[in-house]
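[1] sharing a model that was predicted from the sequence below.
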Amino acid sequence: MIRNALDFCVGEANLSISLSEQESGALAGKRLDVVLVSLSGLSRTQIQKLIQDGFAKINGRTVHPNHQLRPGDHVLLEIPETKPNIQPENIPLDIVYEDDNLLVVNKPQGMVVHPAVGAEEGTLVNALLNHTPNLSSLAGEMRPGIIHRLDKDTSGLLLIAKNDIVHKNLARQIESYTVERVYRAIIHGEFADSKVTVDAPIGRDPRDRRKMTVQHNNSRRAVTHVEVVGRFTGYTEVEAALETGRTHQIRVHLAWLGHPVVGDPFYGPSPPGGQLKGQLLHASRLGFVHPETGEHMVFVAEPPSAYQDFLDDLV
């Protein structure tokens, strides 16, 4: 029963769990919020807000996030759709390029790309709506203009479409793997090879729905090309070029190689000194064919100060 509950979709279904005597061994005694984070793929902040707002019930009753589960408990988590009432916000944008059809923006670390449960404000979409009313609609009301995404704590270049025709063209380029997407990363350990291609399928981790993992069941092919650009004692700086584009792909592949990205809260150790706010991963190079002009365009953005400061300390 628990296994069937793992594949729910936010906004499309509820998560219903019944703990039988046999199934409850791993979950009984654990906090409700911890269990729901693991099963849902939502963040702890998002889960705690849903519980506090009455969307989670045990045996028909609302409870606190720290409630401990017991054998035989029936847990129901309702996940409401975020209402498409996105407000423009006067948030500065680092615009690398803009014309009547598209934008290329340099997203800062710590910014969510589009609104979701628990993150309805302060996103890149809120900033884009304040900048221009002309954004494509193909990705839905919550994601105007968004063709591809970066994790909250990954900085770097993102491509934004201003109309649906351009969106379709750029999305087709991404799907056919002709868009150049290259990242810079500082990783743990001293990487042995100068170049390596990782061809390892990625799927959602069955033990923690927030994570992805290399696995052959319920997965999709994922290919990353890794090249060393700097070597340091205990660390390596690499460029990672995406051939495919799976969730957390570079982070998962590098961790699978035994070299997780520095500062990665999911796939690596705690950062040295605890001073980092996220992984040192930056989308540094973006290349594509302009849908209207046919020109091949390439943009480059240097990593943010936190990345460079860490690198300078290694020299």
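    That came through, no problem.

[2] was I right about residue 65 contacting residue 45?
    No. With contact defined as C-beta atoms under 8 Å, residue 65 does not reach residue 45; the gap is 10.5 Å. Using the backbone N, CA and C atoms, a C-beta is placed for each residue, glycine as well.

[3] the more surrounded of those two?
    Set side by side, residue 65 and residue 45 show more neighbours around residue 65, with 17 against 13, by other C-beta atoms under 10 Å.

[4] per-residue pLDDT, the more buried one?
    Note on residue 65: pLDDT of 88.

[5] can you check residue 41 too?
    66.

[6] likewise for residue 274?
    65.

[7] ok, residue 105 next?
    Confidence score, pLDDT, at residue 105: 98.

[8] same check, this time on residue 211
    On the pLDDT scale, residue 211 gets 89.

[9] quick one: contacts for the closest residue to it other than its chain neighbours?
    Distance criterion C-beta to C-beta, 6 or more residues apart in numbering; nearest residue to residue 211, sequence neighbours excluded, is residue 205 at 4.1 Å. Going by C-beta atoms under 8 Å, 6 or more residues apart in numbering, residue 205 touches 211, 212, 213, 215.

[10] again with residue 204
    Neighbours of residue 204 in contact, by C-beta under 8 Å, 6+ apart: 41, 211, 212, 213, 218.

[11] which of the contacts of residue 205 has the largest number of neighbours?
    Of all those, the highest neighbour tally under other C-beta under 10 Å goes to residue 212, namely 23 neighbours.

[12] so that one touches residue 255, yeah?
    No. Look at residue 212 against residue 255 with C-beta under 8 Å: they stay out of range, at 9.9 Å.

[13] number of residues surrounding residue 51?
    Other residues close to residue 51 by other C-beta under 10 Å number 22.

[14] confirm that it sits in a helix.
    Yes. According to DSSP: H, G, I helix; E, B strand; the rest coil, residue 51 belongs to a helix.

[15] verify the stated contact: it with residue 61.
    No. Judged on C-beta under 8 Å, residue 51 makes no contact with residue 61 at a distance of 11.9 Å.

[16] residue ranges with poor pLDDT in the stretch 151-300 of the chain?
    Within the stretch 151-300 of the chain, the ranges that satisfy pLDDT under 70 run 271-274.

[17] show me where it has strands.
    Applying DSSP state E, counting those that start in this stretch to the stretch 151-300 of the chain gives strands spanning 155-161, 180-188, 195-199, 202-204, 212-214, 219-220, 223-232, 235-242, 281-289, 296-300.

[18] same thing with the stretch 1-150 of the chain?
    In the stretch 1-150 of the chain, the strands defined using DSSP E, counting those that start in this stretch lie at 15-18, 56-58, 61-62, 74-77, 95-98, 102-107.

[19] turn those into TSV, including mean neighbour count.
    Below are the strands of the stretch 1-150 of the chain laid out as TSV (neighbours: other C-beta atoms under 10 Å):
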stretch	mean neighbour count
strand 15-18	18
strand 56-58	19
strand 61-62	10
strand 74-77	18
strand 95-98	14
strand 102-107	22
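
[20] in TSV: these, plus distance to residue 146.
    Output for the strands of the stretch 1-150 of the chain, formatted as TSV (distance: least, C-beta to C-beta, whole Å):
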stretch	distance to residue 146
strand 15-18	26
strand 56-58	29
strand 61-62	35
strand 74-77	27
strand 95-98	16
strand 102-107	11
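
[21] buried stuff in stretch 243-250?
    245, 246, 248, 249, 250 (16 or more other C-beta atoms under 10 Å).

[22] ugh, wrong one, stretch 295-312
    299, 301, 303, 304, 306, 307, 310, 311.

[23] ok, now stretch 183-193?
    Along stretch 183-193, these residues count as buried under the neighbour rule (16+ other C-beta under 10 Å): 183, 184, 185, 186, 187, 188, 191.

[24] now for the longest helix along the chain, which elements pack on it?
    With DSSP state H setting the assignment, residue counts place helix 164-175 as the longest helix in the chain. Here helix 164-175 touches strand 155-161, strand 281-289, going by 3 or more C-beta pairs under 8 Å, 6 or more residues apart in numbering; DSSP states H and E.
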